[in-house]
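*Asks:* predicted model and sequence follow; I will ask about them next.
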Amino acid sequence: MFRSQNRGNSQPRWLFSFVVVVIFFLSILPLGRLAATGFSSLFNGGARELLSDPAVWQALYDTLTTSFLGMIAAVILGGGFALLLTLFDVRGKTALGFLFMLPTMIPPQVTALSWIGMTGPSSALLKAIGMAPPLGSPQPLYSIGGIALLYGVQNAPLVFLSLRAGLLALPRDGVEAARLSGASSWQVLKDIILPLSLPGFVAGAAIAFVSCVGNFGIPAILGIPASIYTLPTLIYSKFAAFGPNTFADVSLLSGLIAILSVIGLTVEERVLRGRDYRVIGLSGQVAMFRLGNWRPIGELVLWLAIFITLVMPLTALIASSLAPAYGVPLTPATATLDAYREVLFKQAITRTAFINSISLSLATALGLLVVTVLTGYYVVRSKSRLAPVLSALAEIPYALPGIVLAVALILVFAAPIPIIGISIYGTIWIILVAYFSSFFAVSLKPVVSAFRQLDPSLEEAARLSGAGFGRRLVDIVVPLVAPAAGASVILVFLIACNELTVSAILWSAGTQTLGVAIYNLDDSGSFNLAAALSVLVVIMVIAMMLALELMAKRLPKGVVPWRS
């Protein structure tokens, strides 16, 4: 099998078929099924009844409003951090970048719970320091503004990454030439750097908007109590009140979310494609400005932003987990670890959620690694014109909101699988398939980056010596891409373990994940238990990110998101 190869690129003939089959089942089939169901409902008149429902238009309005405002907040916060950390002589850049990335790695429902614990009359933290509003005061986060604010905090790191990548590619000698011509630092920033970095701003804004449109955790926890529904939470509510037209309705709603997402991604692609700045000189180096006497103030602003958006909410989350019940003031006398004992040792549901999430995440990370090593090898080494097309198709499920993918997989697996007659709908296996589809691109990117840095002459020498594809893969390719493969496993495990949107639609009794367990605990009124479970999840997130940080020096550029 391994000896059957294409002479042009030394790849076995079966490799192309393998990659096509994988991408067909993980991307083309579910999204094609969703599109077919949506068009069928559209042509059969189902859209007329759905679109006559005022709740749909209100959800669309709330989705657009919260997503746009959240995008603005993300651009302001993420753009400010990117400019200061990239262009100016700020100390502690690595630590600031690492901490700034944490909110986007923390599950959105945990972000929402931590901010609820920091605000409102029932905040254990505010009660402990005597700053809680009077009882009966409204919770300010249960609003359009509250949802948009947390969208901004959650997605600011996406803008940060997009803009920072562009800033790092700016020509340093162009800035120096402007300075030698007498331009001030402000003129250089205003007339050279900001215009050149505008595509990074727009691309980051588009990514943030798409992420806001598909977010489920934040509007579910902050919006549903206030009867504010976005399109993802409206789909969730329609599944909860299952009826004869549910599949048709959620297909159309998912299609609407997909259209909004595609519009955002198209804006990003066109902006990046239109970026045609010819820069000559030391590209890739940072154009550094000295803050001088303003440096302590700039650093204070950055650390204050970290304190407000990260430290205070997580402190409030810990305080809520230590309080005996929601709304009880936290004092040395009332502090207790009962919530942790409950979720770790007494609650069967949370133990099941831990087992399910860890098992699903490990199976996804390790299973995808095998698939992506072969796929990445084909994408990088193949000279076929189909290689970039297949690579783009692999990224579509990850680019679309998770709720769209979940609905697509329900449509594929609602009936028993043909030939074998087995149904995986309502089992943990459909969640595993969804994770494979959703995180395929996450696993593929580090591996592809590593393959692009490999010298093909090593493998070619082995081939000329008679080594088959399997031998070359085991003895040469896999050892050289091992660091990137390890980062791929950690990234997929980290993201999958904290996932909520996909599993919120696909879970059933006995298949709860950590994200679902946290949401259900909060929904049932057990806020302190939800907070305790959230603290444990945050600890796990930080441990995984620190592991990636320790591996960073051995990894290809761009694999660790918060590093240059």
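*Replies:* Received the coordinates, thanks.
*Asks:* mind pulling the model confidence for I308?
*Replies:* For I308, the pLDDT comes out at 93.
*Asks:* what's the local residue count around G217?
*Replies:* By the measure other C-beta atoms under 10 Å, the count of residues near G217 is 26. (C-beta placed from N, C-alpha, C; glycine too.)
*Asks:* so what's it scoring on pLDDT?
*Replies:* Looking at G217, its pLDDT stands at 89.
*Asks:* and it, what does it touch?
*Replies:* G217 makes contact with 107-112, 500-501, 515, 519, according to C-beta atoms under 8 Å, 6 or more residues apart in numbering.
*Asks:* repeat that with 10 Å
*Replies:* Contact analysis of G217 by C-beta atoms under 10 Å, 6 or more residues apart in numbering lists 107-113, 150, 154, 232-233, 498-501, 504, 515, 518-519.
*Asks:* also V448?
*Replies:* When contacts are counted by C-beta under 10 Å, 6+ apart, V448 touches 372, 375-377, 379-380, 391, 394, 441, 481, 484, 488, 556.
*Asks:* can you select the buried ones from those in PyMOL?
*Replies:* The following PyMOL selection, which keeps only the buried ones among these, applies the criterion 16 or more other C-beta atoms under 10 Å:
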select buried, resi 372+375+376+377+379+380+391+394+441+481+484+488+556
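*Asks:* farthest pair within the contacts of V448?
*Replies:* When the contacts of V448 are compared pair by pair using C-beta to C-beta, the two farthest from each other are A394 and P556, 18.3 Å apart.
*Asks:* closest to S449 among the contacts of V448?
*Replies:* Closest approach to S449 among those (C-beta to C-beta): P556, at 4.1 Å.
*Asks:* got a pLDDT number for the closest one?
*Replies:* Reading off the confidence values, P556 has pLDDT 63.
*Asks:* return stretch 245-265 as CSV; C-alpha atoms alone will do.
*Replies:* Only the C-alpha atoms of stretch 245-265 are listed here, as CSV (Å, rounded to 0.1, in the frame of the first residue of the first chain):
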residue,chain,number,x,y,z
ASN,A,245,-41.6,22.3,12.2
THR,A,246,-38.5,22.4,14.5
PHE,A,247,-36.0,21.1,12.0
ALA,A,248,-37.2,23.3,9.2
ASP,A,249,-37.2,26.4,11.4
VAL,A,250,-33.8,25.8,12.9
SER,A,251,-32.4,25.1,9.5
LEU,A,252,-33.5,28.5,8.2
LEU,A,253,-32.4,30.3,11.4
SER,A,254,-29.0,28.5,11.1
GLY,A,255,-28.8,29.5,7.5
LEU,A,256,-29.4,33.1,8.6
ILE,A,257,-26.6,32.9,11.1
ALA,A,258,-24.4,31.4,8.4
ILE,A,259,-25.2,34.2,6.0
LEU,A,260,-24.2,36.9,8.6
SER,A,261,-21.0,35.0,9.3
VAL,A,262,-20.2,34.6,5.6
ILE,A,263,-20.7,38.4,5.2
GLY,A,264,-18.3,39.1,8.0
LEU,A,265,-15.7,36.6,6.7
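*Asks:* buried ones in it, by neighbour count?
*Replies:* The neighbour-count check on stretch 245-265 (16+ other C-beta under 10 Å) flags 247-258, 260-261, 264-265 as buried.
*Asks:* repeat that for stretch 351-359.
*Replies:* Judged by neighbour count using 16+ other C-beta under 10 Å, the buried positions of stretch 351-359 are 352-354, 356-358.
*Asks:* one more: stretch 70-79?
*Replies:* Of the residues in stretch 70-79, those buried under the neighbour-count criterion (16+ other C-beta under 10 Å) are 70-75, 77-79.
*Asks:* stretch 365-376 now?
*Replies:* 365, 368-369, 371-376.
*Asks:* contact partners for the residue nearest to V404 when sequence neighbours are not counted?
*Replies:* Setting aside the residues directly before and after it, V404 is nearest to S254 in space (C-beta to C-beta, 6 or more residues apart in numbering), at 4.6 Å. For S254, the set of contacting residues under the criterion of C-beta under 10 Å, 6+ apart consists of 31, 34-35, 37-38, 231-232, 235, 400-401, 403-408, 410-411, 505.
*Asks:* what do you get if the cut-off is 8 Å, keeping everything else the same?
*Replies:* When the contact criterion is C-beta under 8 Å, 6+ apart, the partners of S254 are 34, 38, 235, 403-404, 407-408.
*Asks:* what about it, distance to P401?
*Replies:* Separation of S254 from P401 (C-beta to C-beta, to the nearest Å): 8 Å.
*Asks:* same check on T233?
*Replies:* Per C-beta to C-beta, T233 is found 12 Å from P401.
*Asks:* from A408, how far off is L34?
*Replies:* Using C-beta to C-beta, L34 is found at 4 Å from A408.
*Asks:* what about these two, which has more around it?
*Replies:* Comparing L34 with A408 by other C-beta under 10 Å, the one with more neighbours is A408, at 27 against 24.
*Asks:* per-residue pLDDT, the more buried one?
*Replies:* Confidence per residue is given as pLDDT, and for A408 that number is 89.
*Asks:* right, and it touches P30 too?
*Replies:* Yes: under the criterion of C-beta atoms under 8 Å, A408 lies in contact with P30, with a separation of 3.8 Å.
*Asks:* just for this protein, where's the confidence low?
*Replies:* Across the chain, the ranges flagged by pLDDT under 70 are 1-10, 46, 169-176, 178-179, 182, 185, 268-269, 271-288, 555-559, 561-564.
*Asks:* now G166: how far from E395?
*Replies:* Taken as C-beta to C-beta, the spacing of G166 relative to E395 amounts to 20 Å.
*Asks:* who has more neighbours, these two?
*Replies:* Each of G166 and E395 had its neighbours counted (other C-beta under 10 Å), and the higher figure belongs to G166 (22 against 16).
*Asks:* check contacts around the residue nearest to the more buried one when sequence neighbours are not counted.
*Replies:* Counting by C-beta to C-beta, 6+ apart, the nearest residue to G166 once its immediate chain neighbours are dropped is G200, at 3.3 Å. Counting by C-beta under 8 Å, 6+ apart, G200 touches 82, 162-167.
*Asks:* can you do 7 Å?
*Replies:* With contacts defined as C-beta atoms under 7 Å, 6 or more residues apart in numbering, the neighbours of G200 are 162-163, 165-167.
*Asks:* tell me the one among those nearest to V213.
*Replies:* Nearest to V213 among these is S162, at 16.9 Å by C-beta to C-beta.
*Asks:* what's the helix or strand for the closest one?
*Replies:* Remark: S162 resides in helix 144-168, with elements defined by DSSP states H and E.
*Asks:* same thing with L548?
*Replies:* When elements are defined using DSSP H and E, L548 is found to belong to helix 527-551.
*Asks:* chain center to that helix, what's the gap?
*Replies:* Its chain's C-alpha centre and that of helix 527-551 lie 16 Å apart, by C-alpha atoms, centre = their mean, to the nearest Å.
*Asks:* one step back: between the buried residues of stretch 70-79, which is nearest N215?
*Replies:* Comparing the buried residues of stretch 70-79 against N215 with C-beta to C-beta picks out G70 as the nearest, at 8.3 Å.
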